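Visitor: Structure for the following, please:
(2 chains)
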Amino acid sequence: DGGITQSPKYLFRKEGQNVTLSCEQNLNHDAMYWYRQDPGQGLRLIYYSQIVNDFQKGDIAEGYSVSREKKESFPLTVTSAQKNPTAFYLCASSAPQQGIYEQYFGPGTRLTVT
Amino acid sequence: GNSVTQMEGPVTLSEEAFLTINCTYTATGYPSLFWYVQYPGEGLQLLLKATKADDKGSNKGFEATYRKETTSFHLEKGSVQVSDSAVYFCALKDYGGSQGNLIFGKGTKLSVKP
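Guide: The predicted model follows:
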């Protein structure tokens, strides 16, 4: 089955620590995205990547970093510079160059920082 | 700029009631339109889509028609079930921006009571 996996489902960290969230897809999609969702809120775009070795900042990139070394993988690092990191993080992918504009989402990672 | 406006929730219905969730958009050209559903603690799932004016997307008893004259894409279902309780997001494909990015509404929470 093709899809997007995110791990872990729940993540707990102490304040001041960096943490990396995993996102892997086997859909052969070129584009991948990271969103943040706060309780009762919509989605906010953190970073996106249209192709391997290239990525762009979204609306709320401060305090986050990404890499895109492989087509299948787009890990997100939440750094200690992120002032309020506790949130639900969603990864998605699409294939706009193939005319597939809908995004397919992973199950999400809930990060709690105390 | 391009935007999506959804009716605010929460929406509470009894089982077998008729559902309408309003969605209007602002965009240049002819965007593609999407409805996503998010069940508690999960990622978003694509529910339906429409790519041109007068297209009707449908899935699992849900329908939405792309109305260019009213710039709307309202979600409807004739008879809701308890299992339809979720948050629903309207989204559009932003052709003016980066190739694959979607613009999401803020979401509408639906609760269906038995």
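
Visitor: Which elements pack onto the helix or strand of chain B with the lowest mean pLDDT?
Guide: One helix or strand of chain B scores below all others by mean pLDDT, DSSP states H and E: strand B:102-104, with a mean of 92. Judged by 3 or more Cβ pairs under 8 Å, 6 or more residues apart in numbering or on different chains; DSSP states H and E, strand B:102-104 is in contact with strand A:100-105, strand B:3-6, strand B:86-93. In short, each C-beta sits where N, CA and C put it, glycine included.

Visitor: which residues touch it?
Guide: By Cβ atoms under 8 Å, 6 or more residues apart in numbering or on different chains, the residues outside strand B:102-104 that reach it are A:42-43, A:101-103, B:2-4, B:34, B:36, B:89-94.

Visitor: Give the next helix or strand downstream of that strand.
Guide: Going down the chain from strand B:102-104, the next helix or strand is strand B:108-113, by DSSP states H and E.

Visitor: near chain A, which residues of chain B?
Guide: B:32, B:34, B:36, B:41-46, B:49, B:89, B:93, B:98-102, B:104-107, B:109 (Cβ under 8 Å from any Cβ of the partner chain).

Visitor: Pull out the buried members of the residues you listed.
Guide: Among the residues of chain B next to chain A, those buried by neighbour count (16 or more other Cβ atoms under 10 Å in any protein chain shown) are B:32, B:34, B:36, B:43-44, B:46, B:49, B:89, B:93, B:99-102, B:104-107, B:109.

Visitor: average pLDDT for stretch B:106-114?
Guide: Stretch B:106-114 comes out with an average pLDDT of 96.

Visitor: Now do that stretch: distance to the chain's middle.
Guide: 12 Å (Cα atoms, centre = their mean, to the nearest Å).

Visitor: which other residues reach it?
Guide: Stretch B:106-114 is contacted by residues A:40-42, B:6-15, B:17, B:19, B:21, B:38, B:80-89 when judged by Cβ under 8 Å, 6+ apart.

Visitor: do that again at 7 Å, thanks
Guide: Contact with stretch B:106-114 is made by A:42, B:6-7, B:9-15, B:21, B:80-82, B:84-89, as judged by Cβ atoms under 7 Å, 6 or more residues apart in numbering or on different chains.
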